[in-house]
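# Here is a sequence with its predicted model. Questions after.
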Amino acid sequence: MHEEIIISGFGGQGALFAGQLLAYAGMEEGKHVTWIPSYGPEMRGGTAHCTVVISDDPVGSPLVRHPSAVIALNLPSLDKYEGLVKPRGLLIYNSSLIQRPVYRTDLRVIPVPANDISVEETARVSENGMGDARLANVVTLGTLVQATGIVRLETVEAALRAHLPQRHLRWLEPNLAALRRGALVVAERVVAY
Amino acid sequence: MAKELWKGNEAMAEAALRAGVEAYFGYPITPQTELLEYMAREMPKRGRVFLQAESELGAINMLYGAACGGVRCMSSSSSPGISLMTEGLSYIAGTEVPVVLVDIMRGGPGLGNIQPSQGDYFQMTKSLGHGDANALVFAPSSVQEAVDMVYNAFDLAEKYRCVVVILGDGMIGQMMEPVEMPPERPPLTEEQRPDWALRGAKGRPPRILTSLNLTAEGLERANQRIQARLAEIRKNEVRWEEEMTADADLLLVAFGTVGRICKSALRLARQAGYRVGLFRPITVWPFPEQRLHELAGQVRGILVVEMNAGQMLLDVKAAVAGRAPVRFYGRLGGVVPLPDEIAEQVASLAASLPGDGYRPARNGHQGVAPVVASAAVKA
Amino acid sequence: MSTDLSQYEVVYRRPEALTEVYTHYCPGCTHGLIHRLVAEAIDELGIRERTIAVAPVGCAVFAYNYFNVDGCEAPHGRAPAMATGLKRTQPDKIVFTYQGDGDLAAIGTNEIIHAALRGENLTVIFVNNANYGMTGGQMAPTTLAGMVTTSSPYGRDPHLAGYPMRVAELISVLPGAAYVVRRSVHDVANVNKTKAAIKTAFMVQMEGLGLSLVEVLSSCPTNWHMTPVEALRWIEDAMVPVFPLGDYKVAEAVVPLTKRTRAAR
């Protein structure tokens, strides 16, 4: 097993944290993992992305040109990475924010209404009943894990419990729910290539 | 002990803490700043010294002062900051006091950018500023290796009374990998301080630490003493890694993170039938020239890959000494060479070799095909 | 014929904090005198065995050979940074720098300003002789307007080469500085005042009150092309008007210390 995943979105959408969760889970399952972020000025306001490599073997390059899977949390990310995914690779995109169709015909494509799911899950615990899109990253991570089987969903759940920052603890249950909702999407919307 | 996921910069800081570092002086510069920030958080908790200096000049000279007291101390910076530090490094080397320095290289020259680079190779391996001074320079290719290097650096610096440099790049600094942290060691006790340390001349004659030596003969003797220690380092501390060299007739040579990227390239090239091996210097000073010289007699061609314009290349050529053709592939300005392009360079090198041409044991297709045959999307 | 010395009282001797060597300073130069004042202060305070000296680049580059304490040699201008590293890691020691005007006021301006800003517990002896002595009398930041040096052969023109830097005034406005004074050694009364100030400066460090800096106007007969006596007179006539003597910063906590050193005289 050797998977190379890029998770990309606006700064603030949590692409880097979703990647860390994946790396933690991979490590917990005894895999070799690397996580490397984009860093520098582009983190502020532009797109932020990270590359996660999970492998049965020691990881050579932590950077990849052609990832085996991509999560695009916004349109610029889809524009940037659609052409780079390996043939027969996986493309997950946030259909709440991305209306355009995917052009590649040699990919497994899963649209996920990640913002909408996040709004539903956060609304359950928010004081004023209003939800927000902050868990879109975790929703799509659930989809990725379910669709690829890179790691088990429970391992990601454990990683969330262990690594969600203390100040965000009240968002743990919504995070777990968002993760599971993301996983369910796979069963609902399998798009064959 | 269980592995934990660590970011390179923070992992190196933690490793230094566990090695008993007593003082850290630094100045913020991307992409090493997380190391400084980690020290700012953690050193005061253990009652140790953290100080953000007014410049890298200030930082290196604070380090110099602390080192003169026989204190375990370190600093870290990135390329432009290292340029400023070279003044102090030369003095430190000339005074023969031990310090540990982490250089997380970024693109240059000038302000350059903050992406990974290996452009400080000359600066760190050929001379520390002016005069004949060398540091013991380690080039980590993984976060774990960086941790182990930092952890052991203090003992080596004290043993040889020299500067030990951990020469990483933005990739090592920023990436996260599983790490097994070494155990915590207590800081030095007063009795363990070296017998040259400035601790106040209580009940003994004063000690003087200086790099100044106005007589030519005196300075030559000091230099010879330094060179003798460097010769000991050359004898004892040379380290490298080899992968699949046993049957190799082509050889990749790369250090640091490029070394690990070359491991991926090696797999691609091997899949395409090329009998290629990898030689990765772990110490870049001293350079593992002897082993490379041996390997050069076994292979038909050598490809050096670096994130600079060909700096280690000179050391490779000197070690190879004409025993095999040496070709260079470098990316500049913070561009990281990826496995597929390196594998293509291997194929290109093989095709260029004299004789009947190189025929890899491949089935059907030509060379190393790019993983995606231009899957460009027309939007 | 031998003399029995036991019947005599010793009224003057080499301070323990000075080594028994000849200095390399030029005849008539007052560096040696200032060294002695520093050494006397160290002896009187009983801190010799825990004092560490940081020498500069400049005429005093060999100061570590003359003070009978642990010593080291800083890169040009960096003595305050090096001293910071020593003092922060050995706060029980007394660390002082001895710097000239090229070292402290030109190449090392950054280091002294930030050491003062941080309130480093250091003592700085700053010797101002209005030129670069060691390298043969070039223009320093402290060179007076119109003054001829080997690198201002037509006289220092402030419009081209800047104005003399007043270090004591500059450092005194920084909050971390506890004690900043300017003194001179051109006559006996001023030598005594300088001694008291240097002693106070060390006491400030012993009490942990922040940075103490004593600027001392000092003569350079060789590069000024004067006799030693003329040079001392030139300090008074030419330098003092530009670099007024006085106390520029005496933090509240330092005031009792100055009273003690004054009473001791």
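That came in fine, so what should we check first? Numbering: from 1, shown residues only, chains lettered A, B, ... in the order given.

# Only C-alpha atoms from now on, for both contacts and neighbour counts.
Noted.

# what does chain B put close to chain C?
B:22-23, B:49, B:54, B:57-59, B:61-69, B:71, B:87-88, B:91, B:198-203, B:205-212 (CA under 8 Å from any CA of the partner chain).

# ok, the residue of the stretch 151-265 of chain C found nearest chain A - contacts?
Nearest residue of the stretch 151-265 of chain C to chain A (CA to the nearest CA) works out as C:L174 at 34.4 Å. Residues near C:L174 by CA atoms under 8 Å, 6 or more residues apart in numbering or on different chains: C:I113, C:A116, C:L117.

# And for the closest residue to the last one other than its chain neighbours, the neighbour number?
Of all residues beyond its chain neighbours, the one nearest C:L117 is C:G176 (4.7 Å), with distances taken as CA to CA, 6 or more residues apart in numbering or on different chains. When neighbours are defined as other CA atoms under 10 Å in any protein chain shown, C:G176 has 22 of them.

# wait, doesn't C:G176 sit right on C:R118?
Yes - proximity of C:G176 to C:R118 meets the contact threshold set by CA atoms under 8 Å, at 5.6 Å.

# which residues are contacting the lowest-mean-pLDDT helix or strand in chain C?
Lowest on mean pLDDT, DSSP states H and E among the helices and strands of chain C sits helix C:255-264, with a mean of 85. Here helix C:255-264 makes contact (CA under 8 Å, 6+ apart) with C:A196, C:A197, C:K199, C:T200, C:M203, C:V204.

# Skipping its backbone neighbours, what lies nearest the fifth one in space?
Yep, that's C:M203 we're talking about. C:L257 (7.1 Å).

# what about the one you found, how many neighbours?
So C:L257, with other CA under 10 Å, has 19 neighbours.

# How about B:T245?
Residues contacting B:T245 under the criterion other CA under 10 Å number 18.

# Repeat that for the one 4 residues further on.
For B:D249, the count of nearby residues is 19 (other CA under 10 Å).

# pretty sure it is touching B:R270, no?
No - counting by CA under 8 Å, B:D249 does not reach B:R270; the two are 11.5 Å apart.

# For these two, list the residues in contact with both.
The contact lists of B:D249 and B:R270 share B:V276, where a contact means CA under 8 Å, 6+ apart.

# For B:V253, give the beta-bridge partners.
On the basis of DSSP bridges, B:V253 is bridged to B:F279, B:V304.

# thought it was touching B:G310?
No - applying CA under 8 Å, one finds B:V253 not in contact with B:G310, separated by 11.8 Å.

# on contacts alone, who are the packing partners of the helix or strand hosting C:Q205?
Using DSSP states H and E, C:Q205 sits in helix C:188-206. In terms of contacts (3 or more CA pairs under 8 Å, 6 or more residues apart in numbering or on different chains; DSSP states H and E), helix C:188-206 is packed against helix C:31-45, strand C:94-100, strand C:123-128, strand C:177-184, strand C:211-217, helix C:255-264.

# who does the helix or strand that contains C:Y248 pair up with?
Element membership of C:Y248 [criterion: DSSP H and E] is strand C:246-250. According to DSSP bridges, strand C:246-250 forms sheet pairs with strand C:177-184 (antiparallel).

# now the partner strand: mean pLDDT?
The average pLDDT within strand C:177-184 is 98.

# any weak-confidence spans in chain B?
B:1, B:355-379 (pLDDT under 70).

# which residues sit against stretch B:15-23?
Identification of contacts with stretch B:15-23 by CA under 8 Å, 6+ apart yields B:43, B:48-50, B:63, B:66, B:71-74, B:147-148, B:150-152, B:154, B:181-188, C:89.

# Sorry, slip of the keys, the one I care about is stretch C:191-201.
Here stretch C:191-201 makes contact (CA under 8 Å, 6+ apart) with C:37-38, C:41-42, C:45, C:123, C:125, C:179, C:181, C:183-185, C:212-214, C:216, C:257-258, C:261-262, C:265.

# what about 7 Å?
With CA atoms under 7 Å, 6 or more residues apart in numbering or on different chains as the test, stretch C:191-201 has contacts from C:37-38, C:41, C:123, C:179, C:183-185, C:212-214, C:257-258, C:261-262.

# Equivalent analysis for stretch B:153-163, please.
B:R72, B:A93, B:E96, B:V97, B:P98, B:V99, B:V100, B:A135, B:L136, B:V164, B:R229.

# run the last query once more with 6 Å
Under the criterion CA atoms under 6 Å, 6 or more residues apart in numbering or on different chains, residues B:E96, B:V97, B:P98, B:V99, B:V100, B:A135, B:V164 lie in contact with stretch B:153-163.

# Also stretch B:176-190?
A:T34, A:W35, B:K3, B:E4, B:L5, B:W6, B:K7, B:R18, B:A19, B:G20, B:Q144.

# Out of the residues you listed, list just those in helices.
Residues of these located in helices (DSSP state H): B:R18, B:Q144.

# Pull out the buried members of the contacts of stretch B:176-190.
For those, a neighbour count by 16 or more other CA atoms under 10 Å in any protein chain shown gives the buried set as A:T34, A:W35, B:E4, B:L5, B:W6, B:K7, B:R18, B:A19, B:G20, B:Q144.

# List the contacts of the second one.
In this structure, A:W35 makes contact with A:T51, A:V52, B:M175, B:M176, judged by CA under 6 Å, 6+ apart.

# And for B:E237, the neighbour number?
18.

# so what's the residue nearest to C:T109 when sequence neighbours are not counted up against?
Closest residue in space to C:T109, ignoring its immediate chain neighbours: C:G77 at 7.4 Å, by CA to CA, 6+ apart. Counting by CA under 6 Å, 6+ apart, C:G77 makes contact with C:D103, C:L104, C:I107, C:G108.

# Neighbours of the second one, how many?
Right, the one you point to is C:L104. As a burial measure, C:L104 scores 30 neighbours (other CA under 10 Å).

# for chain A, what helix or strand is lowest in average pLDDT?
Sorted by mean pLDDT, DSSP H and E, the helices and strands of chain A bottom out at helix A:172-188, which shows a mean of 92.

# buried ones in that one?
Those would be A:172, A:174-186, for helix A:172-188 by 16+ other CA under 10 Å.

# Dump those to TSV, plus distance to A:S95.
Output for the buried residues of helix A:172-188, formatted as TSV (distance: CA to CA, whole Å):
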residue	distance to A:S95
A:L172	24
A:P174	20
A:N175	19
A:L176	21
A:A177	19
A:A178	15
A:L179	16
A:R180	18
A:R181	15
A:G182	12
A:A183	15
A:L184	15
A:V185	12
A:V186	14
